[in-house]
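Model the structure of this input:
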Amino acid sequence: MNYAISNPNTLSAISSTSSSGDFAVKLINAFIAGGWTVAATITGGKTLQGLSPQGYLVWCDVWASDASTVSIMLHSAVGSGCTGYAHQLHWDTAYGWQVLAHPCGFFISQPLFGASLSGTSCMGGIPMVAAGCGLAAALGSVTECWFSFGDYSSSPFFYARSPRSNIDVGDGDSLGGTTLIGTETGCWDGHMSTYTAPWDSPQILRFSPASVDQVGVSLANDSHPLFFGEGFMDYPAFVAWSSATGAPIQIRGQVYNACVRSSTMERNAPAVSGGYNMISYTDSYFWGTLLVSMGAAAAVGNIAY
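Numbers count the residues shown, from 1 in each chain. Next up, the predicted model:
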């Protein structure tokens, strides 16, 4: 498997924050350490610019939206007017955070918690698009491509499903989340994914067993995709969504500094894939785990884009 790599790739630990404003500043600094640049100052925070190895751009607002909340929102950097969902992270002096960042993406989570009603995780950025697009807007027809996920949904009863709880938008997580349309952001060539059916929404694709999924009936009748010899399979982390309600899901790109492992892993569990040191971003999903790079490589044996 070829890995889509964007460097620098940094890990920042955030603790002992004194206010939501202090938390916002430390998040912004974590993004900057990963290669994002400041595009503008906004009330309570900054607009940061992400730049992919292919030349794609995206802006990300990070700001303290109230005394207990920091918001993160992607929006167009090329004039399309596209705006993503304002994901919220709940601030508290007792919370600790980890931020894995690179120049066109980020993975934010609390090491001690999975998905939550209050908002404890957010990830997103620009994926690596198909080579046929050339050097992004400079040479190709696609002007922009970006995505984001978070567990905050504004619902008092459900958190939003995201790669923290599951790598697709279907059933199977163990924590009681739901697919809430609008919390998953997907922008392709100046058009937002705003479709009403859950399976049309942005998601990380997974391989499925040949049998019918038995969620809520018996997981014993299902299986993970396995290599010959019953070993787990690592495969590219593709982000995908449809172009219209009920239309086929289309792969928009490969998530940088990540892959999917076809086994269940607890959040923050360490792993090695293709010579890269990884950590589990997904928390105990039956059909697979999103692994993200820790920013340090062992003896790399795979080709990096």
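
CA only for contacts and neighbour counts going forward, please
Will do.

where does the closest residue to residue 160 other than its chain neighbours fall, phi/psi-wise?
Counting by C-alpha to C-alpha, 6 or more residues apart in numbering, residue 160 lies nearest to residue 151, which is 4.5 Å off, once chain neighbours are set aside. Backbone dihedrals for residue 151, given as degrees, to the nearest 10, come out at phi -90, psi -10.

contacting residues around residue 151?
Neighbouring residues of residue 151 by C-alpha atoms under 8 Å, 6 or more residues apart in numbering: 87, 115-117, 119-122, 159-162, 164.

Then residue 157 would be within a helix, right?
No - with DSSP: H, G, I helix; E, B strand; the rest coil as the criterion, residue 157 is assigned coil and is not in a helix.

How many residues are close by it?
10 (other C-alpha atoms under 10 Å).

what about it, distance to residue 116?
Counting by C-alpha to C-alpha, to the nearest Å, the separation of residue 157 from residue 116 is 10 Å.

re earlier: pLDDT and distance to residue 101 added to the contacts of residue 151, as JSON lines?
Written out in JSON lines, the entries for the contacts of residue 151 read as follows (pLDDT from 0 to 100; distance: C-alpha to C-alpha, whole Å):
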{"residue": "87", "pLDDT": "95", "distance to residue 101": "17"}
{"residue": "115", "pLDDT": "83", "distance to residue 101": "20"}
{"residue": "116", "pLDDT": "83", "distance to residue 101": "22"}
{"residue": "117", "pLDDT": "81", "distance to residue 101": "24"}
{"residue": "119", "pLDDT": "91", "distance to residue 101": "19"}
{"residue": "120", "pLDDT": "93", "distance to residue 101": "16"}
{"residue": "121", "pLDDT": "95", "distance to residue 101": "14"}
{"residue": "122", "pLDDT": "96", "distance to residue 101": "12"}
{"residue": "159", "pLDDT": "83", "distance to residue 101": "24"}
{"residue": "160", "pLDDT": "85", "distance to residue 101": "22"}
{"residue": "161", "pLDDT": "85", "distance to residue 101": "21"}
{"residue": "162", "pLDDT": "90", "distance to residue 101": "18"}
{"residue": "164", "pLDDT": "93", "distance to residue 101": "16"}
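
These in strands, which ones?
87, 121-122 (DSSP state E).

out of those residues, who has the most neighbours?
residue 121 (30 neighbours).

May I have the residues that are in contact with the closest residue to residue 249 other than its chain neighbours?
Sequence neighbours aside, residue 242 is the residue nearest to residue 249 in space, at 4.3 Å (criterion: C-alpha to C-alpha, 6+ apart). For residue 242, the contacting residues are 193, 200-202, 248-250, by C-alpha under 8 Å, 6+ apart.
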